[in-house]
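In: sequence first, predicted model second:
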Protein chains: 2
Amino acid sequence: MTEDTTKEAGPETAKQKLEELGKEIVYSVKAGKNPKFVTLSRVKSNVIFDKRGYLTLGNAKEERSFVNVAQSKRFMQTIAVAAKCHKFLEENLHTTIRGLFYQLKYSLGEDIDESIFSEQSESNPLIEDLEAALGVKRESLNLNANRKGVLAGNMKVIDYFGGEEQEIDCSKQGRSGWAIPSDVDFGMKFLDVKAKYVLVVEKDALWQRLNEDGFWKKENAILITPQGQAARGTRRLIRKLSDMGLPVYVFTDSDAWGWYIYWTIKTGSINLAYIGDDVATPEAKFIGVTMSDLDRYDFLKKLTINASDTDIKRAQEMMQYPWIKRHEEWVKELETMIKTKKKLEQDALQGPRLTFVDDYIREKIKNKEFLP
Amino acid sequence: MTEDTTKEAGPETAKQKLEELGKEIVYSVKAGKNPKFVTLSRVKSNVIFDKRGYLTLGNAKEERSFVNVAQSKRFMQTIAVAAKCHKFLEENLHTTIRGLFYQLKYSLGEDIDESIFSEQSESNPLIEDLEAALGVKRESLNLNANRKGVLAGNMKVIDYFGGEEQEIDCSKQGRSGWAIPSDVDFGMKFLDVKAKYVLVVEKDALWQRLNEDGFWKKENAILITPQGQAARGTRRLIRKLSDMGLPVYVFTDSDAWGWYIYWTIKTGSINLAYIGDDVATPEAKFIGVTMSDLDRYDFLKKLTINASDTDIKRAQEMMQYPWIKRHEEWVKELETMIKTKKKLEQDALQGPRLTFVDDYIREKIKNKEFLP
């Protein structure tokens, strides 16, 4: 399998859109009109859970114009951010939102009041505004996000990087695995994906355990760990592998944090609703560990740990989420934790023997025992 | 260059030592003597800063015996930990201290009072006791530590893993780099290390910046980021590269956290003093950013940020550390931060242009402008 990369809005598109934005503003000024910037509103009330299973933005718009006293500073700041991103694209160089902040501080400090960007918290939301307004991800504006996450399996990555084409064989990365970058779209291609499914394992420790056992080789799986909450690059890669027709199974702790990791991969998150389509995978299924595992594997009963108040509070909240409460299996899970005040870590599956976790996953997949 | 791996105490040695420990105990019991476990004391008063520049343990010993009521539980727990590690070595499988904890909880729960290992905080220090007593790192007891850190440069890694020998070319890992594992000693070899020096960059963002510029290629450097505070594997790798004759330059923020990262790499840490020799690199030098950079690069003055109370408190503490206060350059740095209440991030070097950071490092190295 090879991915289809024809439909993506990359740096070239981003550059064009930034130039169009610039031209519109210049046109407005020349025509004696009020220059405006319009983006989708990212307030919580405009985040919807759509029929396809994505957390995404509704149609509410946000506008800021130059001649409105309350908006003009933010308008100017937005344009400054857009201009910097355009420069990075022209230079063909990447940085981070922190690097962008320092460039803004540096170049605006001389001519204009320094306070235009005194804190990074001022520039961060403007980047999200731009992403939402232009319909491009920050990675296409040459802004790298934090990266985290590792992969092993039968697939190859072609990374066009530093003027070279490098082929990375993800089945030959030893104990380390391939480190998933921030941008898995541009200058990057996935080839020879020979696998039956994708297994996403919350903890790096368990990923290492499974990697050592050659689990992905024996089972013909792509083995990913987000190393906790999944970074944008890892979420995007899971979406892309799903687009290639691979089922995605997620394996986390049975606690508030583990569930949060799962639901973020599956439906996306409120914070990233503005790029929900790109980074969520509604097709993902939950493999475990579950509270119902306690009935099945008797030894687990003595390996539970006490749920924290946060765990219980979060479980109560999650029962109210429309995308969770419609699944009775999930409601049962959450109720069990609230009632027993116990939680279960995926690490506990190492109790009887280190390789037990392999058999656990194998059996769940064989019997198709997933939570939705 | 290829590393010399002849002198290391690996899993084979660890197994032998565990067996000797077991035999001694059996011998004591049979001879009607009191079985004992003796280890180096890891209390703060036994941590010394030695002449070579390492934080290491002094000679104070800690003993626990079976027939002493106050010690017998810990004695039994220590033996249980030792037995599990021996089993992992026999199985030739790795886990983590969390996996070990669950195995202890699982197998002791049936016959013995469950409370023998109710919290992982009970098993963790016993692992450190074993490491100190046997003179082997936990990695040689088949216990993986958290891993973090990435490397790019002209060198090859041979990773004997899963019954295969995999060669990883660290100059062909694209935007990702090679993910540094927990154990860089056993089943792993470093070949064809063709570089003039090692550059350790605190932040992954800056590592990515330099990697994109091909800095390590142009300068013939090994480029490492610990991604914040360095994990054991990364510290150990830096030590090993230094042993191969490469100078090590560390590049961090000029703030309490950045300095802590540097000093941990250089002298080791109080917590890991019991394996200080393996994970510290007294030969390391500090490249920046420094408070004195403010005098040299005028633009940086407007890119400082306010030092937090923690930064200032930590700077005051650091001035008292014997290994810091003997260097007047460092005292001056710390005093400047305390006086001006300003700190400086390495990211600020991206202010004038994204590639400025490359020139900054190049110039410091050319002029040998390091802090000790």
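Out: The structure has been received and is ready for your questions.
In: tell me the domain ranges of chain A?
Out: Following automatic domain parsing, one finds the domains of chain A at A:11-141, A:150-366.
In: endpoint to endpoint, the shortest one covers what distance?
Out: Translated: domain A:11-141. 6 Å (C-alpha to C-alpha, to the nearest Å).
In: again with the longest one
Out: One end of domain A:150-366 sits 25 Å from the other (C-alpha to C-alpha).
In: equivalent analysis for stretch A:319-336, please.
Out: Its first and final residues considered, stretch A:319-336 spans 12 Å by C-alpha to C-alpha.
In: looking only at pLDDT, what's the mean for it?
Out: The average pLDDT within stretch A:319-336 is 94.
In: quick revisit: winner for burial among the domains of chain A?
Out: Across those, averaging neighbours per residue (mean count of other C-beta atoms under 10 Å in any protein chain shown) puts domain A:150-366 on top, at a mean of 20. (Glycine included, C-beta is placed from N, CA and C.)
In: could you pull out the strands for the stretch 51-200 of chain A?
Out: For the stretch 51-200 of chain A, strands defined by DSSP state E, counting those that start in this stretch occupy the ranges A:55-57, A:61-65, A:150-152, A:156-161, A:164-169, A:178-179, A:188-191, A:197-201.
In: would you reformat those as CSV and include distance to B:Leu89?
Out: Below are the strands of the stretch 51-200 of chain A laid out as CSV (distance: least, C-beta to C-beta, whole Å):
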stretch, distance to B:Leu89
strand A:55-57, 47
strand A:61-65, 61
strand A:150-152, 24
strand A:156-161, 35
strand A:164-169, 30
strand A:178-179, 29
strand A:188-191, 38
strand A:197-201, 24
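In: between those strands, which gets nearest to chain B?
Out: Of all the strands of the stretch 51-200 of chain A, it is strand A:156-161 that lies closest to chain B, at 3.1 Å by C-beta to the nearest C-beta.
In: weakest of the domains of chain A in terms of mean pLDDT?
Out: Going by mean pLDDT, the lowest-scoring of the domains of chain A is domain A:11-141, which has a mean of 90.
In: is any residue of it near chain B?
Out: Yes: residues of domain A:11-141 contacting chain B under C-beta under 8 Å from any C-beta of the partner chain: A:88, A:91, A:93-96, A:98-99, A:102-103, A:105-107, A:109, A:114.
In: quick one, what contacts A:Asp358?
Out: A:210, A:213, A:215 (C-beta atoms under 8 Å, 6 or more residues apart in numbering or on different chains).
In: of those residues, closest to chain B?
Out: Nearest member of the contacts of A:Asp358 to chain B, counting by C-beta to the nearest C-beta, is A:Asp213, at 7.8 Å.
In: how about the nearest residue to A:Ser182, chain neighbours excluded?
Out: In this structure, A:Ser182 finds its nearest non-sequential neighbour in A:Asn144, 4.1 Å apart by C-beta to C-beta, 6 or more residues apart in numbering or on different chains.
In: among the domains of chain A, which is nearest B:Gln320?
Out: domain A:11-141 (31.9 Å; C-beta to C-beta).
In: off-centre distance for that closest one?
Out: With C-alpha atoms, centre = their mean, to the nearest Å as the basis, domain A:11-141 stands 21 Å off its chain's centre.
In: circling back to that earlier point, dump the domains of chain A to a markdown table, plus distance to B:Ala14.
Out: Below are these laid out as a markdown table (distance: least, C-beta to C-beta, whole Å):
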| stretch | distance to B:Ala14 |
| --- | --- |
| domain A:11-141 | 42 |
| domain A:150-366 | 17 |
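In: which strands or helices does whichever helix or strand A:Glu24 is part of pack on?
Out: Following DSSP states H and E, one finds A:Glu24 within helix A:11-30. Applying 3 or more C-beta pairs under 8 Å, 6 or more residues apart in numbering or on different chains; DSSP states H and E, one finds that helix A:11-30 makes contact with strand A:36-40, helix A:69-91, helix A:120-134.
In: let's see 6 Å
Out: Here helix A:11-30 touches helix A:69-91, going by 3 or more C-beta pairs under 6 Å, 6 or more residues apart in numbering or on different chains; DSSP states H and E.
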